[in-house]
Each structure stands twice: as C-alpha cells, then as structure tokens.
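Engineer: here's my sequence, what's the structure:
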Amino acid sequence: MIFGKERYHKFSILLHWVVALIVLTLIALGMYMHDLPKGHPDRAFFFNLHKSLGLTAGILMLVRLWWRHKNPPPALPSSIPRWQGFMSRLSHGLLYICLISMPVVGFSASQFTKYGVTYFGLFKIPPMGPNDPVVRDFLQSIHHDLAFVLMVLVGIHVLAAMYHWLVLRDDVIKRMLP
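Structural biologist: Model prediction:
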C-alpha cells in the first residue's frame, strides 16, 4: 500500500470484519458454554465449535499480522491529537496480542485433555500432551481471563469508532467500512 491513502485495503477490511464476527460469536459461545453442565447432550458440539472457530480466528490473525506488515494501515488524519494516535496504536496492539494469544492458550489447554480438537468435524487434532487437569485448568483460567480483557478492548474499540462516527463526524470509521 502507498502511504497517504485514506482507506484500508479491501483485504484488510475483509479480514477485520470476518475476525470481528468470529470473535463476537466466540464470546457468545464461551458465555453460553460456561454454564453447560457436563453430560448436556450438546456440550461436545458447542465445545468443538468454539475450538474450531477459535483456531480459525488464530490462523486469520496470523494472516492479518503478515498482511499488515506488507500493507501498513493508512495514516491517521492530521486532525487527530497525538495522544489519540498513541491510544489507537496501543489499543490495536493489545487487541492483536489478545487475538493471537487467546487461540494459542485455548488450543494449548485442549492439548492437555483426552479430547484434543475436532476441526469443524473435518479432522481431529489429537492431544499432544497427557490428560493433565492441573495444566488444562491453569491454561483455561488464563484463556478465561484473556476473554475479559478482550471484551474490554473490543468495547473500547467500538466506543472509539462510535466517537469518531457520531461525535467527531470525521472519516476515520469510513476507512474500515466495505
């Protein structure tokens, strides 16, 4: 991408919105699954769906990192104060860290169960470690805590977008719209 363009590349926009939809679905699934009792007839289905979507989100985030490295985002308008530019870069960086570490930690937790990951019913990634509830629970607690951090970061991201769109009425949000 050439610096000075005012919009993100179409592929960047596509990746953003696909990952956003997957992440919102994962958050909803995670909250639903949290209360599913063991023995529930659909428990395995929802857990495998969550794992499959999470793995997909992780892969797409790696693609996003590579793409962003090759195609830097457009510069913020000069009207944006320096502190807001810093906060934008910081929040995006934290979002990327969360969106990459969550699938890694979640997948790692699955490696210490007897189940592994069945990717959308297409193939199974067997566990690479022993069935170790202590390690699994530790990793799941990190995954759970990261989910709350991610929800806060997504909330900040959405509020910032709404602030630009509804209060400032600048074109910042239009850069990421299809």
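
Engineer: give the contact list for the residue nearest the centre of the chain.
Structural biologist: The C-alpha lying nearest the average C-alpha coordinate of the chain belongs to residue 99 (Cα atoms, centre = their mean; 3.6 Å). Residue 99 makes contact with 19, 23, 57-58, 61, 150 under the criterion Cβ atoms under 8 Å, 6 or more residues apart in numbering. To be clear about C-beta, it is placed using only N, CA and C from the backbone, and glycine gets the same treatment.

Engineer: isn't there a helix covering it?
Structural biologist: Yes: read with DSSP: H, G, I helix; E, B strand; the rest coil, residue 99 is one of the residues of a helix.

Engineer: now it: how far from residue 8?
Structural biologist: With distances taken as Cβ to Cβ, to the nearest Å, residue 99 is found 17 Å from residue 8.

Engineer: which stretch of helix or strand covers residue 102?
Structural biologist: Using DSSP states H and E, the element containing residue 102 is helix 82-110.

Engineer: again, but for residue 134
Structural biologist: When secondary structure is defined using DSSP H and E, the element that contains residue 134 is helix 133-162.

Engineer: specify the angle between that helix and helix 82-110 in degrees.
Structural biologist: Helix 133-162 runs at 150 degrees relative to helix 82-110, counting by axes from the mean of the first three to the mean of the last three Cα atoms, to 10 degrees.

Engineer: average pLDDT for helix 133-162?
Structural biologist: The predicted model gives helix 133-162 an average pLDDT of 96.

Engineer: over to stretch 51-58?
Structural biologist: Along stretch 51-58, the predicted local confidence has a mean pLDDT of 98.

Engineer: and the contacts of that stretch?
Structural biologist: Identification of contacts with stretch 51-58 by Cβ under 8 Å, 6+ apart yields 19, 22-23, 25-26, 29, 99-100, 102-104, 106-107, 110, 117-120.

Engineer: switch the cut-off to 10 Å
Structural biologist: Applying Cβ atoms under 10 Å, 6 or more residues apart in numbering, the contact partners of stretch 51-58 are 18-23, 25-26, 29-30, 64, 99-107, 109-110, 115-122, 125, 143.

Engineer: which among these count as buried?
Structural biologist: Buried members of the contacts of stretch 51-58, counted by 16 or more other Cβ atoms under 10 Å: 19, 22-23, 26, 29-30, 64, 99-107, 109-110, 116-118, 143.

Engineer: residues in contact with the closest residue in space to residue 172 that isn't next to it in sequence?
Structural biologist: Counting by Cβ to Cβ, 6 or more residues apart in numbering, the nearest residue to residue 172 once its immediate chain neighbours are dropped is residue 164, at 4.1 Å. Residues in contact with residue 164 (Cβ under 10 Å, 6+ apart) are 77, 80, 84, 88, 170-175.

Engineer: if anything else comes up later, I'll come back, but that's it for now.
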